[in-house]
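Q: here is a sequence with its predicted model. Questions after.
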2 protein chains.
Amino acid sequence: MTLEEARQAFVDEWGKLGAAWGISRTMAQIHALLLAHPGPMDTDTIMEKLVISRGNANMNLRALMDWDLVVKTNQPGVRREFYAAEKDVWKMARAIAAQRRKRELEPLMRVLGEAIAIEPGKNDDPAEVRDFRKTLREIQGFGTKAGKALDLVQRLDQSSFVARLMGLLKAG
Amino acid sequence: MTLEEARQAFVDEWGKLGAAWGISRTMAQIHALLLAHPGPMDTDTIMEKLVISRGNANMNLRALMDWDLVVKTNQPGVRREFYAAEKDVWKMARAIAAQRRKRELEPLMRVLGEAIAIEPGKNDDPAEVRDFRKTLREIQGFGTKAGKALDLVQRLDQSSFVARLMGLLKAG
DNA sequence: TTGTATTTTCAATATATACTGAAAATTCAG
DNA sequence: CTGAATTTTCAGTATATATTGAAAATACAA
């Protein structure tokens, strides 16, 4: 396996992983490509390596920047823009956690709150209402804990968090 | 907001959440429907509530059983099969964690191992190989820790795990 | 400025994914 | 067994999502 083949294998697998996590395959592949190369890369190189159109490359790069996973850089004297992935895995995880919290956890928690707060109509079976609320409260509790965990992840750095977590896990 | 409206809101939101996590919207909606009702439900009721075909309902119920999120039950004297969601949120989370570990983490770790173990060709820049391996090793390290955490989640019950995690997080 | 390299947008199109519906298979009470 | 109820399968179709490519907008060196 040469370097290029290994990179290709990584790009493919990262793309699959992205797809399984609701991120478009191409977006994950661009991310992997940038992760797998030492320096920043320009749009044409990305287009060529992944065999995708300029529009596609541009849109997905924008999405990656939106997720704070990729930043634009400039090379002195060169007009083109270059793109680089954040390579610190911990920062990467934090960026993803922050985004998913905002995009998914928060809307869910809002709906749970509203659904639990229903004023049941007189045709609603009180036992069913109780059951429904109970299930939703459980999910809400789980979500609250997940949110707190994500908050801490935002604040701690990798070494202290992971060290503590690992200590905890060994003790468990 | 009546009970039915609240259920509908929950089903919608859970469907969106599922879609964002790479689970088909309908699969997540069926799951939500079962979570939001006290007893098991038969295929026709699900079809009617979500306005979907029999084939669709059947396929997604099978997928949910595959994920260990839903079980078939029988009612004495009734031929039809009834379906019920696991409502314990912690068990639900464990089931999902176990599946995702197998489906996503394990294949990724295999590819990472293979890519790190490349025998670089003589045309491969040693510095690039070193960089590439460094990035992949970081991801591998992260994956290993995530896997260990998932292992523990499998073994501990909710109260002891969450209590320990919360203690940890407050201390951080 | 002006001209050109570069990025961005987006309607049209292609592709992937999900869904339907009816036929085939299965199950089970009688 | 028999046959009706029920589940399962899957080819065909619909829908959603991703991608292209070229025109428009933008940025910038001269």
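A: That came in fine, so what should we check first? Numbering: from 1, shown residues only, chains lettered A, B, ... in the order given.

Q: contacts, neighbours, all on C-alpha from now
A: Fine.

Q: is the residue lying farthest from the centre of chain A in a helix, a strand, or coil?
A: The C-alpha centroid of chain A is most remote from A:Lys122, which lies 43.3 Å away (CA atoms, centre = their mean). Secondary structure state of A:Lys122, per DSSP: H, G, I helix; E, B strand; the rest coil, is coil.

Q: poorly predicted segments of chain A, please.
A: Counting by pLDDT under 70, the ranges of chain A that qualify are A:158, A:161-162, A:164-172.

Q: so which residues of it form helices?
A: Along chain A, counting by DSSP state H, helices occupy A:3-20, A:25-35, A:43-50, A:54-66, A:89-100, A:106-116, A:126-155, A:158-171.

Q: ok, A:Arg54 to A:Asn60 distance?
A: Computed as CA to CA, to the nearest Å, the A:Arg54 to A:Asn60 distance reads 10 Å.

Q: I meant to write A:Asp88 there.
A: Look at A:Asp88 and A:Asn60: by CA to CA, they are 21 Å apart.

Q: ok, for the residue most central in space within chain A, nearest residue in space, not its chain neighbours?
A: Using CA atoms, centre = their mean, the residue of chain A that lies closest to the mean C-alpha position is A:Ile96, 3.1 Å off. Excluding the flanking residues, the one nearest A:Ile96 by CA to CA, 6 or more residues apart in numbering or on different chains is A:Trp67, at 6.8 Å.

Q: that neighbour against A:Arg94, yeah?
A: No - contact status for A:Trp67 versus A:Arg94: not in contact, 10.4 Å apart, counting by CA atoms under 8 Å.

Q: check contacts around A:Ala19.
A: Going by CA atoms under 8 Å, 6 or more residues apart in numbering or on different chains, A:Ala19 touches A:25, A:28, B:22.

Q: should've said A:Thr43
A: Residues in contact with A:Thr43, defined by CA under 8 Å, 6+ apart, are A:54, A:57-58, A:81-83.

Q: now A:Met109
A: A:Met109 touches A:140, A:143, counting by CA under 8 Å, 6+ apart.

Q: A:Val70 too?
A: A:31, A:61, A:64, A:83-86.

Q: can you tell me, leaving aside adjacent residues, what's nearest to it?
A: Closest to A:Val70 by CA to CA, 6+ apart is A:Ala85, at 4.3 Å.

Q: if we can go back for a sec, which among the helices of chain A is found nearest to B:Gly113?
A: Distance to B:Gly113, taken as CA to CA, is lowest for helix A:3-20 among the helices of chain A, at 10.2 Å.

Q: the closest one and DNA strand D in contact?
A: No - judged by CA under 7 Å from any atom of the strand, helix A:3-20 stays clear of DNA strand D, getting no closer than 7.6 Å.

Q: quick check: angle from that helix to helix B:3-20?
A: Interaxial angle, helix A:3-20 versus helix B:3-20 (axes from the mean of the first three to the mean of the last three CA atoms, to 10 degrees): 180 degrees.

Q: in helix A:3-20, what's buried?
A: A:3-4, A:6-20 (16 or more other CA atoms under 10 Å in any protein chain shown).
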